[in-house]
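A.B. asks: dropping a prediction and its sequence here:
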Amino acid sequence: MVFLERQVVIKKPIEEVFLTAIDFSKSPEIMDAVIDVEPLTEGPVREGYQFKEVREIRGRKAAATIEITEFKPNKCYTARSEQNGLDLRYHYNFIETTEGTKVIFKGELFTQGLRNTLFKPLIKKIIKKEDADHLENLKEYIEKQ
């Protein structure tokens, strides 16, 4: 179920916006909590591509392997992270508009186990705090280029 939704219009062509969004090496410059990204798959981003992302959350480092589970160039992609009974999926859609590119983001969280189910509201709150503004950050980053 979707628990986090955002959208922005970035005043740049769809190709530029999409290429920047899938250049995960730029994540530490765009997303406040991300401190390191390491590709785990060789070659270009595509379905099945994986990378390791390290974040600093509440003063602690947390690493996650993220896999691209859906990929349609200049249209959409889905990034999925699964660990410790938490399954987080971020869906991105890109639409060309007269003003530039509309990016629509939806975040889903699925939990396994009693502990994760009980703490799901808190987990969602933490994720929202970490990622709620990332599209605004992406917009600012791209429009400054």
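C.D. replies: Looks like it came in fine.

A.B. asks: give me the mean pLDDT for stretch 42-53.
C.D. replies: The pLDDT scores in stretch 42-53 average 97.

A.B. asks: then stretch 6-22?
C.D. replies: What stretch 6-22 shows for mean pLDDT is 98.

A.B. asks: CA atoms only for that stretch, dumped as PDB, please.
C.D. replies: C-alpha atoms of stretch 6-22 as PDB (Å, rounded to 0.1, in the frame of the first residue of the first chain):
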ATOM      1  CA  ARG A   6       5.000  13.300  -4.100                       C
ATOM      2  CA  GLN A   7       5.300  14.900  -7.500                       C
ATOM      3  CA  VAL A   8       7.300  17.800  -9.000                       C
ATOM      4  CA  VAL A   9       7.700  19.400 -12.400                       C
ATOM      5  CA  ILE A  10      11.400  19.900 -13.300                       C
ATOM      6  CA  LYS A  11      12.100  22.500 -16.000                       C
ATOM      7  CA  LYS A  12      14.300  20.300 -18.100                       C
ATOM      8  CA  PRO A  13      13.800  17.700 -20.900                       C
ATOM      9  CA  ILE A  14      12.600  14.200 -19.900                       C
ATOM     10  CA  GLU A  15      15.800  12.600 -21.100                       C
ATOM     11  CA  GLU A  16      18.000  14.800 -18.900                       C
ATOM     12  CA  VAL A  17      15.700  14.300 -15.900                       C
ATOM     13  CA  PHE A  18      15.500  10.500 -16.300                       C
ATOM     14  CA  LEU A  19      19.300  10.100 -16.800                       C
ATOM     15  CA  THR A  20      20.000  12.200 -13.700                       C
ATOM     16  CA  ALA A  21      17.500  10.300 -11.700                       C
ATOM     17  CA  ILE A  22      19.000   6.900 -12.500                       C
END
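
A.B. asks: and the helices in this structure?
C.D. replies: Along the chain, the segments classed as helices by DSSP state H run 14-21, 27-30, 114-131, 134-144.
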